[in-house]
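1. Make a model of this:
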Amino acid sequence: MEECLPEMVPISANVKNWTVSELIANGRWEWRKLQGLVPDETLQKISGINSFCLHKQDDPVWDKVRNGFYTVKKGYMETKMKKFVVDGRAGGTFSLPNSIWGKVWKLKILPKITHFAWRCLVGAVPVKEALVRRRCCNTSVICPICNQEVETIEHTLFLCSRFQGVWFASALSWKIDCNRFQSFGLWFEKILIDDNVLNEFQLAYVAWIIWLVWKERNSVVFEAKQHDPIKVVQLAEKAVREFWKANDWMVDDDEPVTKEIGWKGWRPPDFGVLKINCDGSCSLEAAAIGLVCRDHAGGFMWGFGEVVKSNSAFLTEVLAVLKALVLSRI
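-> Numbering: from 1, shown residues only. The predicted structure follows:
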């Protein structure tokens, strides 16, 4: 085993920080310095280096390709082959598997929405927390919509109290659990790979909502527009249906978004029957209830929301059910 190892030469402390340029003078090797610094076998290999190479200036090279020249295409492919390590909530990190990228690029949605989903996954969305962390600006990290929590990508798209109503009002009727929601990447990986309960149309619908929530956020922040969760839901369903019809992917206008065997979310009522979903939210400062009425195809009929007097989550939920019973008789 010892015969296979190269000869080791001890290096004194005063030469440990030498660079290659300090071993060259006037285009020639400083053999006096090299002797005793490296083994004789290595000296023979150094002597084989052409002297004209020593006169050339150093050039940066990229070690991922043979010719050393970096190109955007090669850089993209190298990045794509790696697992992304993305910032999660509360300072955590997680790794995205390579299998998720193929799923993202195959979503039947507009290319700009696909690109936005990719930006969300790699943490390239300019939310307040990301801008401050990267020292792009010196401002507050608090969400400009609710003015309560740090604005991360997860908060903006799901956890903000102003946007949770979008998911609840959607045909999926998702109620976001703020305590269990960890990160956008883990959530997206779960619905794309792990759960396998959403069909292609439902995945497109979810992606469109994500895109429109971000656009709604920007309209509120930069254009001072009034937030309207019902409008976001209606635009999402209209847009995804029109896009699918234009590509001959969908033939039935009455096809409900939630029509899928094994779907564990909102279930449509019988034909000719309306269904009311209600929910309540309570904090130390205030309490509010919300109701959404939909038909058998998942079509939005009407919505209702108001601030109520309540000091517990249970009482708030009861008030929401009571209001649903009252409005169902109108």
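
2. Could you pull up the residues touching residue 200?
-> Residue 200 sits next to 107-108, 249 when contact means C-beta atoms under 8 Å, 6 or more residues apart in numbering. C-beta coordinates here come from the backbone N, C-alpha and C atoms, glycine included.

3. For it, what are phi and psi?
-> With angles defined as degrees, to the nearest 10, residue 200 sits at phi -60, psi -40.

4. Tell me the confidence at it?
-> In the prediction, the pLDDT value recorded for residue 200 is 87.

5. do you know how far it is from residue 109?
-> Using C-beta to C-beta, to the nearest Å, one obtains 10 Å as the distance from residue 200 to residue 109.

6. Buried residues, the helix or strand hosting residue 103. List them.
-> Per DSSP states H and E, residue 103 falls inside helix 99-105. Along helix 99-105, these residues count as buried under the neighbour rule (16 or more other C-beta atoms under 10 Å): 100, 104.

7. Relative to the whole chain's centre, how far out is stretch 173-183?
-> Relative to the centre of its chain, stretch 173-183 is centred 15 Å away, using C-alpha atoms, centre = their mean, to the nearest Å.

8. From the opening residue of it to its closing one, how far?
-> Taking C-alpha to C-alpha, to the nearest Å, the first and last residues of stretch 173-183 lie 20 Å apart.

9. List the buried residues of that stretch.
-> So, applying 16+ other C-beta under 10 Å, buried residues of stretch 173-183: 173-174, 176, 183.

10. for residue 108, helix, strand, or coil?
-> In three-state terms, and counting by DSSP: H, G, I helix; E, B strand; the rest coil, residue 108 is coil.

11. Setting aside sequence neighbours, what's the nearest residue to it?
-> The spatially closest residue to residue 108, leaving aside those adjacent along the chain, is residue 204, at 5.2 Å (C-beta to C-beta, 6 or more residues apart in numbering).

12. Show me which of the buried residues of stretch 173-183 is closest to residue 76.
-> Proximity of the buried residues of stretch 173-183 to residue 76 (C-beta to C-beta) peaks at residue 183, which lies at 23.9 Å.

13. I figured the closest one hits residue 154, correct?
-> Yes: with contacts counted by C-beta atoms under 8 Å, residue 183 reaches residue 154, the gap being 6.0 Å.

14. Isn't residue 125 up against residue 119?
-> Yes: using C-beta under 8 Å as the test, residue 125 is close enough to residue 119 to be in contact (5.3 Å).

15. Residues that sit against both of these two, list them.
-> Shared contacts of residue 125 and residue 119, defined by C-beta under 8 Å, 6+ apart, are absent.

16. out of these two, which sits in the more crowded spot?
-> A direct count of neighbours by other C-beta atoms under 10 Å for residue 125 and residue 119 places residue 125 higher, at 17 against 14.

17. The more buried one looks like it's in a strand, true?
-> No: residue state for residue 125 (three-state DSSP) corresponds to coil; a strand is not indicated.

18. Now for it: which residues touch it?
-> By C-beta under 8 Å, 6+ apart, the contact set of residue 125 is 116, 119, 153, 156, 214.

19. Buried subset of the residues you listed as a ChimeraX selection?
-> Here is the ChimeraX command that selects only those of these that count as buried (16+ other C-beta under 10 Å):
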select :116,153,156,214
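
20. Would you mind checking which of the contacts of residue 125 is nearest to residue 36?
-> Compare each of those with residue 36 using C-beta to C-beta and the shortest gap goes to residue 119, at 55.4 Å.

21. tell me the contacts of that closest one?
-> Residues touching residue 119, when contacts are defined by C-beta under 8 Å, 6+ apart, comprise residue 125.

22. Now it: which helix or strand?
-> helix 111-121.

23. Now the element after that helix, going C-ward?
-> Beyond helix 111-121 in the direction of the C-terminus, DSSP H and E gives the next helix or strand as helix 128-133.

24. what sits up against that following helix?
-> Where contact means C-beta under 8 Å, 6+ apart, the residues beyond helix 128-133 that reach it are 87, 123, 137-144, 150-153.

25. Restricting to C-alpha, output that helix in PDB.
-> What follows is the C-alpha trace of helix 128-133 in PDB, where atoms were taken according to Å, rounded to 0.1, in the frame of the first residue of the first chain:
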ATOM      1  CA  LYS A 128     -40.300  41.500   1.100                       C
ATOM      2  CA  GLU A 129     -38.400  38.800   3.100                       C
ATOM      3  CA  ALA A 130     -36.400  37.800   0.100                       C
ATOM      4  CA  LEU A 131     -35.500  41.300  -0.900                       C
ATOM      5  CA  VAL A 132     -34.300  42.200   2.600                       C
ATOM      6  CA  ARG A 133     -32.400  39.000   3.000                       C
END
